[in-house]
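Trainee: coordinates only, sequence not included:
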Ligand SMILES: [Zn+2]
């Protein structure tokens, strides 16, 4: 081993270290972008739940209305620095924003590390997961999937066009059986979840939606059983599992 180390050309070693540093720096920049998107997604989710507009002028505290300084807008850092409270009135900053920032900061570099080095595809995955994360948050809080979201989602097809047949098949493959099932039995998934499988399937194509459906069902079953048998509650919000399924799909099958 030592003999091997002595034989390494210093120039080669320097190149390897430089490449490693470049890669690390690049992943950190991606992570920073991820945390910014996560922060925006978290704020969007909260504003929709509170029935407020996304754009309400400069970022401010909802309680004392004080405008946030530049260092209070840095994702992750600002929450930790301020210990989760407003600088002026000590109002608690919702932890959900921090969770969103942390999730996207961690998840985004993994998208790159899975081998997806195509900028258009990376942007597509980035936006799609951002949108789904907002929907997951809304579903958990108020059990609703806003109808206009399906249109935004379907617009993303422009970044991931695979041929009209693939998209139409994707839109129908899971949507139709679930729609018939919920229509005949008047039970099962909510209408919002069913429509989401339609729009998501249209954007991603039939192979992807089949895998995402499988991942989502597989992940939700233990939680649904726990809620039914230990908490006596029927049904769990399903959009979070569709989001988890989509993340797993992009990480393991998304190239
Ligand atoms: Zn305040």
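Mentor: Structure's in. What do you need? In this text the structure is predicted, and so the values were computed from the model without any measurement.

Trainee: ok, the closest residue to residue 197 other than its chain neighbours to residue 107 distance?
Mentor: Nearest non-adjacent residue to residue 197, counting by Cβ to Cβ, 6 or more residues apart in numbering: residue 174, 4.3 Å away. Bear in mind the C-beta positions are built from the backbone N, C-alpha and C, glycine included. Counting by Cβ to Cβ, to the nearest Å, the gap from residue 174 to residue 107 is 24 Å.

Trainee: first-to-last residue distance for stretch 181-191?
Mentor: Distances were taken as Cα to Cα, to the nearest Å; on that basis the terminal residues of stretch 181-191 are 11 Å apart.

Trainee: and it, how far out from the chain middle?
Mentor: Going by Cα atoms, centre = their mean, to the nearest Å, the spacing between the C-alpha centre of stretch 181-191 and its chain's C-alpha centre is 26 Å.

Trainee: can you check stretch 200-219 too?
Mentor: Distance of stretch 200-219 from its chain centroid, counting by Cα atoms, centre = their mean, is 15 Å.

Trainee: show the average pLDDT along that stretch.
Mentor: Here stretch 200-219 scores 94 as its mean pLDDT.

Trainee: residues of the chain that sit close to the ion?
Mentor: Within the chain, the positions near the ion by Cβ under 5 Å from the ion are 61, 63, 64, 86, 88, 89, 91.

Trainee: please, a PyMOL command that selects the buried ones among those residues?
Mentor: Buried members of the residues of the chain next to the ion, defined by 16 or more other Cβ atoms under 10 Å, are picked up in PyMOL with:
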select buried, resi 61+86
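
Trainee: reformat the residues of the chain next to the ion as CSV; add pLDDT and secondary structure.
Mentor: Below are those laid out as CSV (pLDDT from 0 to 100; DSSP: H, G, I helix; E, B strand; the rest coil):
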residue, pLDDT, secondary structure
61, 84, coil
63, 85, coil
64, 87, coil
86, 90, coil
88, 89, coil
89, 90, coil
91, 89, coil
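
Trainee: what's residue 150 in contact with, if anything?
Mentor: Contacts for residue 150 were tallied using Cβ atoms under 8 Å, 6 or more residues apart in numbering; they are 195, 196, 198, 199.

Trainee: spell out which helix or strand contains it, please.
Mentor: Per DSSP states H and E: residue 150 is located in helix 148-155.
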